[in-house]
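Asks: Got a sequence here, can you build the structure:
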Amino acid sequence: MKRFAVILSILLIMGCASQTKPSVTDDSAGDVPIPTHDTEQITSVKETTTTQSLKVTETIAGHSFQSPSLTVKKGTTVTWKNTDSMNHPLKSSLFTSPDMGKGVEFSYTFDKEGSFEVEITSHPAEKMMVKVE
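Replies: Below is the predicted model:
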């Protein structure tokens, strides 16, 4: 398991764009394989992912989030990237994203501590929990 975590960590370490407000970008021009969970630093790999990074990318694939929960520090920007061909808008008590087509990203900076549920509004049963410490 430890070897798997090390290999996974190596594969997932990438830089992400920092945003202070929600933003949307579209890179649908190319079909590039995307890691399912991208962080600058991973402190644990399990069902709940805890990170010390201030930038985290979460992938939407197969009409669902790739991580059921995420724990981040206050001030962390989480970017969701849709890799499905179907549009996926997101909704939480803090934000509502625009309709995200394939390759589109939406970012939000969590500047408030607490636990926040994020759902894919086109699939209300698909939810993830973001815990901000």
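
Asks: what sits against residue 110?
Replies: By Cβ atoms under 8 Å, 6 or more residues apart in numbering, residue 110 lies in contact with 72, 74-78, 94, 116, 130, 132. For every residue, glycine as well, the C-beta is placed using N, CA and C.

Asks: If we use 7 Å, what do you get?
Replies: The neighbourhood of residue 110, defined by Cβ atoms under 7 Å, 6 or more residues apart in numbering, consists of 72, 74, 76, 78, 130, 132.

Asks: Of these, which belong to strands?
Replies: Within the contacts of residue 110, residues falling in strands by DSSP state E are 72, 76, 78, 130, 132.

Asks: Pretty sure the last one sits against residue 74.
Replies: Looking back up the chat, that one is residue 132. Yes - contact criterion Cβ atoms under 7 Å: residue 132 and residue 74 qualify, at 5.5 Å.

Asks: where does this protein dip in pLDDT?
Replies: Within the chain, the segments meeting pLDDT under 70 span 1-53.

Asks: Now do the strands in it.
Replies: Ranges of strands within the chain are 23-26, 37-39, 48-50, 55-61, 64-65, 69-72, 76-82, 90-91, 104-110, 114-120, 123-132, based on DSSP E.

Asks: In ChimeraX, select just the buried ones from the contacts of residue 110.
Replies: The buried residues among the contacts of residue 110 can be selected in ChimeraX (16 or more other Cβ atoms under 10 Å) with this line:
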select :72,76,78,130,132
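
Asks: State the distance from residue 132 to residue 68.
Replies: Distance of residue 132 to residue 68, computed by Cβ to Cβ, to the nearest Å: 16 Å.

Asks: swap that for residue 92, sorry
Replies: 15 Å.

Asks: who's more crowded, those two?
Replies: residue 92 (17 against 13; other Cβ atoms under 10 Å).
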